[in-house]
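1. From the sequence below, what's the structure:
(2 chains)
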Amino acid sequence: MQTENKISTLKMMNGNEAVARGAFEAGVKVASGFPGTPSTEVMDYTQQRYPDIYCEWSTNEKVGLEVAIGASFAGYRSLAVMKTVGLHVAADALGGAAGSQINGGLVLVVGDDVGRIAGDDYNDVRHYGNMFNIPVLEPSDSQEAKDLMIRAFEISEEYSTPVILKITSVICKTTSGVAIDENYTYEVKNRVKYPVSFSKVIMTTMMMNAKGSEHPKLTKCFNDFPAHMKRLASDSNDFDINKLELKGKKIGVITAGTPYFYTKEVLPDASILKLGMVMPLPEKLIRELAGHVEKLYVIEDGHDIMEKNIKDLGIAVIGKELFPKFPEMMRFTPDIIEEKLVPDAPKRMLMEGIPFRLPVSCAGCSHLFISQILRKHKIKASADVTCGLIGCFPHMESYSLQKCMGSSIALAHGYNVATDHKEKFVGMIGDGGFWATGINGLMNLIFNDSQSTTIIVDNSCLAMTGGQHVASSEFGFNYKPENKLEIAKVCEAIGVKDIVTVDAYEFENLEKAILNAVKADTNSVVIVEKPCVTKFKLPKGPLYSIDQDLCTQCRKCINIGCLAIESKKGKDGKVEIVINEDLCVGCGLCSTACKFDAINS
Amino acid sequence: MQDTGKNIIIAGVGGQGILLFSNLLSKYYMKLGYELKISDVIGLGQRGGGVESHFRYSTKPVLSPFIKSGDVDYLLSFEQTETLRYLHCLKDDGIVFSSTFELSTSSVNTKLEKDMPESKTELIKRSGKKTFIIDPDEYKSADFDISKMMNIVMLAIYAEFRGYAHEEMIQIVKENVPEKFVAGNIKAYEKGIEIAQACPPTP
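-> Numbers count the residues shown, from 1 in each chain, chains lettered A, B, ... in the order given. I've put the predicted structure just below:
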């Protein structure tokens, strides 16, 4: 439709940026979701570049997906963005949408953190494709990320199904050229094909009573989703996003995503079936490749999902017996393919003994104050996935229990009911985790008469993913001061008996507040306030330094876990504990930890 | 175009401006009409974590976003512990540019791990590769600390080594950094040229 004034220019974009551009060109009206590495920036770019698209960070992934499902039913193309770990939270919502009537295209952009590049759990979103019988697309570079985004909406509408666009950390963080039509004009379409959209439970219940009925009141409730998926699987053999490149007869590879490019580079003579849609599989194309080559391999990032699905078709393929999956192999690299499939490839080894960079909190982070107090008083506590989880690492040992986003309140409650509240296990949670799902844990412990203590770290944003807004932030895409939620008020409304709010940097007050809360024989919440030092670039206080004459090198200050405190070998070879002037923000926590009065501003 | 393309790894720690560096360099190669793929693999996202950028430019379409070990032409490193992590990725005739700056690693600070007994600078020099060592302290003056602008300094050193037109690179810096930082960045760039001209390779 834009052919007349089309001016194509090549723009450098990373995968997240390209997906946002694809959403714009697809005419998306609503984008919702929840931040999560590596795909957070899909929303950021959409909101910054394309103001015509309604954007929101929802309270959690499930809510985000439900918003998109509602918008899709209204007839508008909608997307929900999250990481795979987030889709676990939203899985119930996806199950409800799968197999139901789709009006405006519904696409989930889901980030798989393959290879734990950003340190997350090893998940594979394609399992949801198998479980819910819905298509999954996977791009290999930024151009494809944009193109497949548009294609995903077309497939969603044509085959009446939600579609997952799987992007990996490599796709998200790799920049390459994307052809952009500078004159493209944003166009929203409204497509209301179905008057109702019901989950499968309604459809199947209706069918029990109404088998064979032609009554329109009944038939409008049915959506023949197995037929849609059968048709999609059959059509996929002719999709241009699935490319069969027949070359040599020795090696054939079925691949998708960035491993396609690793394969092409390492095995230039191999015949390749490159899948843009990894689910459902194009059976005819796979059989054609299998018939063409002596040995057929599958090279896929993540779990052995295509491999299993291909084997289910009765086609012999070599996969994990050669490339053992998690935990042996974190992700494909060109090196791994070369090592296994290129005879006599030279081996190059990493130098031994290079020290590891264990994650450390930013200097001045409020979490460091809390971790320090918990450790000092040997208070047992749980954490979720806030920045505070760094307190789990062995140099700090502030937390003994750590699980998923929003979990810490219920974890502590469970521990406390099991131990008859004798130990007072404390739940520590960030504001992001609190609003996401932690608030449910708090409501739960109140009406179940638990006396647990909860520490809520209010740093005014979702710090771990780069400072996105949460319900209690004073900024945001749709922010209005009158709509800001107050953590203390909500806790009060829920029925928490004892609520204290403290500034993190007032160490003695904070210490007292936590000790009082733990000692009290009622349920309690300590809200610890301090904006995220990195997001809000707080002004620096007076810098601290260590008096080397007084320092005994007991390393108590180092175990605070502050990035600014270093153990350094001087030019004379002597080790000194020093404070890095560039990194110190002057919060003063280290001076409270020193028993020898060696740290002063 | 005589140069058909190169593979570069840019390494350092969070907060050193590596993403800006690769962004500026990409603008240069784009102007020359090269195809590019740049993969910014960031660690856990915290300050002080390792940062690694795979930068590939070519006259032909670039395939893999990651450079295969043994295919790296240039290693540009802003921190010397990080330099050591990528030495094995270099081609036999690959070249190292490394700052002697070192951010101590948390696992050594907390005694979970022992530091390497040898001098890291010496290990780099003995790698058998052609090496340029840049000691930011050597060029530190009262009014100017190059360690804070190592990305721009490194850009100048690399440009000088490759024989690129500095005016064009400076123009790219001007177009892509916020106005209030332009003067400081240009000063850093000029310092970089000076260092490059004074800095002999080892061996």
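2. Can you pull out the low-pLDDT segments for the chain?
-> Going with chain A. Where chain A drops to pLDDT under 70, the residues are A:1-6, A:116-121, A:209-211.
3. think we crossed wires, I meant chain B
-> Looking at chain B by pLDDT under 70, you get B:1, B:42-47, B:202-203.
4. from it, which residue is nearest to chain A?
-> At 3.5 Å from chain A, residue B:110 is the closest residue in chain B, using Cβ to the nearest Cβ. Heads up, the C-betas are built off the backbone N, CA and C, glycines and all.
5. That residue touches residue A:559, doesn't it?
-> Yes: counting by Cβ atoms under 8 Å, residue B:110 touches residue A:559, with 6.5 Å between them.
6. Between the two, which contacts overlap?
-> Common neighbours of residue B:110 and residue A:559 (criterion: Cβ atoms under 8 Å, 6 or more residues apart in numbering or on different chains): residue A:395.
7. about what we covered before: state the number of residues packed around the residue of chain B closest to chain A.
-> If you count neighbours by other Cβ atoms under 10 Å in any protein chain shown, residue B:110 ends up with 20.
8. give me every residue that touches residue 151.
-> Using chain A here. A:137, A:241, A:276.
9. not quite, I wanted chain B
-> Here residue B:151 is in contact with B:16, B:17, B:18, B:20, B:21, B:78 (Cβ under 8 Å, 6+ apart).
10. returning to what we had before: could you dump the contacts of residue A:151 to CSV with secondary structure, neighbour count and distance to residue B:154?
-> Below are the contacts of residue A:151 laid out as CSV (DSSP: H, G, I helix; E, B strand; the rest coil; neighbours: other Cβ atoms under 10 Å in any protein chain shown; distance: Cβ to Cβ, whole Å):
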residue, secondary structure, neighbour count, distance to residue B:154
A:137, strand, 26, 39
A:241, coil, 18, 40
A:276, coil, 21, 38
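11. Would you reformat the residues you listed as JSON lines and include distance to residue A:317?
-> Output for those, formatted as JSON lines (distance: Cβ to Cβ, whole Å):
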{"residue": "A:137", "distance to residue A:317": "21"}
{"residue": "A:241", "distance to residue A:317": "21"}
{"residue": "A:276", "distance to residue A:317": "19"}
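12. Report the central residue of chain B.
-> The structure's chain B has its C-alpha centroid closest to residue B:76; by Cα atoms, centre = their mean the separation is 3.0 Å.
13. Check the secondary structure at it for me.
-> strand (DSSP: H, G, I helix; E, B strand; the rest coil).
14. Check whether it really touches residue B:95, as I assumed.
-> No: with contact defined as Cβ under 8 Å, residue B:76 does not count as touching residue B:95 (9.3 Å).
15. In contact with residue B:55, which residues?
-> With contact set as Cβ under 8 Å, 6+ apart, residue B:55 has these partners: B:7, B:8, B:9, B:10, B:22, B:25, B:26, B:36, B:38.
16. so where does it fall, helix or strand?
-> Under the criterion of DSSP states H and E, residue B:55 resides in strand B:50-58.
17. now the helices for chain B?
-> With DSSP state H applied, chain B shows helices at B:18-31, B:80-86, B:106-109, B:120-125, B:150-162, B:166-176, B:179-198, listed in chain order.
18. now the last one, how far from the chain's geometric center?
-> With Cα atoms, centre = their mean, to the nearest Å as the basis, the distance from the averaged C-alpha position of helix B:179-198 to the chain average is 15 Å.
19. How about the shortest one?
-> Once both centres are worked out by Cα atoms, centre = their mean, helix B:106-109 turns out to sit 24 Å from its chain's centre.
20. just the second one next, same as before
-> Relative to its parent chain, helix B:80-86 has a centroid offset of 11 Å by Cα atoms, centre = their mean.
21. try the fifth one
-> Helix B:150-162 sits 8 Å away from the centroid of its parent chain (Cα atoms, centre = their mean).
22. burial measure for residue A:217, as a count.
-> Residue A:217 has 9 nearby residues by other Cβ under 10 Å.
23. ignore the last one, residue A:545
-> Count around residue A:545 with other Cβ under 10 Å applied: 14.
24. Tell me how many other residues surround residue B:187.
-> Residues lying near residue B:187 (other Cβ under 10 Å) number 15.
25. now residue A:224
-> So residue A:224, with other Cβ under 10 Å, has 12 neighbours.
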